[in-house]
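Participant: Make a model of this:
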Amino acid sequence: MKSPYLKDHRLPDVIAAITAMAIYPYYKQTAAEWADRIGGSKDSSDRWRVVFEEHPEFFRRGANSNDYSLVWRRQLPRNFDVRSLKETFPDHELEGSKRDPIGRRPLQPTEVTELIGVAIRLHDRALEQDKARAWWMPLAIAVLSLVGVIIGGVLTALLRP
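Facilitator: Residues are numbered from 1 along each chain as shown. I've put the predicted structure just below:
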């Protein structure tokens, strides 16, 4: 099975998603909302949904929703007030608002850098594994070439007057 990292433009997409999802004040949104935030258009939501689904090492969909979030941020406490952009206590939640103003803090630059580094290393490993799967190709070409030379020699000897 081929790694999703081997798909065209996948590494830049993963890096873009990590970056956006790590620093945006709201830690979870639908694929369409993330598509708008990352790529500037909700029309590409299917593309981003595939990226999120194929990379569970970074992204997860909520159990009871269609919201996606960064796994690292889901592990943080819900004590970040998105209105003031400061950490607070969860008991300050406002009831009845469309979006919960208390979420999880954005990641620090060093944390974002670490996640991007992991993505790059996973991409590099996928490339190495893909190359390693093709170890037999040079051997097969050599064997086929040898068979061709032998058949050519036999045919030459048989067809000589």
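
Participant: And residue 31, how close does it get to residue 116?
Facilitator: 21 Å (Cβ to Cβ, to the nearest Å). Any C-beta I mention is one placed from the backbone N, CA and C, and that applies to glycine too.

Participant: Tell me which of those two has more neighbours.
Facilitator: residue 31 (22 against 16; other Cβ atoms under 10 Å).

Participant: What's the separation between the more buried one and residue 66?
Facilitator: 7 Å.

Participant: Let me know the helix or strand that the closest residue in space to residue 15 that isn't next to it in sequence is in.
Facilitator: Computed as Cβ to Cβ, 6 or more residues apart in numbering, the closest residue to residue 15 that is not its neighbour in sequence is residue 116, at 5.5 Å. Using DSSP states H and E, residue 116 sits in helix 109-133.

Participant: I'd like to know which elements that helix is packed against.
Facilitator: Other helices and strands packing on helix 109-133, by 3 or more Cβ pairs under 8 Å, 6 or more residues apart in numbering; DSSP states H and E, are helix 10-23.

Participant: which other residues reach the helix it packs on?
Facilitator: 4-5, 27, 34, 37-39, 47-48, 51-52, 55, 58-59, 68-70, 72-73, 106-107, 111-112, 115-116, 119-120, 123 (Cβ atoms under 8 Å, 6 or more residues apart in numbering).

Participant: List only those of these flagged as buried.
Facilitator: Neighbour-count burial (16 or more other Cβ atoms under 10 Å) applied to the contacts of helix 10-23 gives 4-5, 27, 34, 37-39, 48, 51-52, 55, 58-59, 68-70, 72-73, 106-107, 111-112, 115-116, 119, 123.
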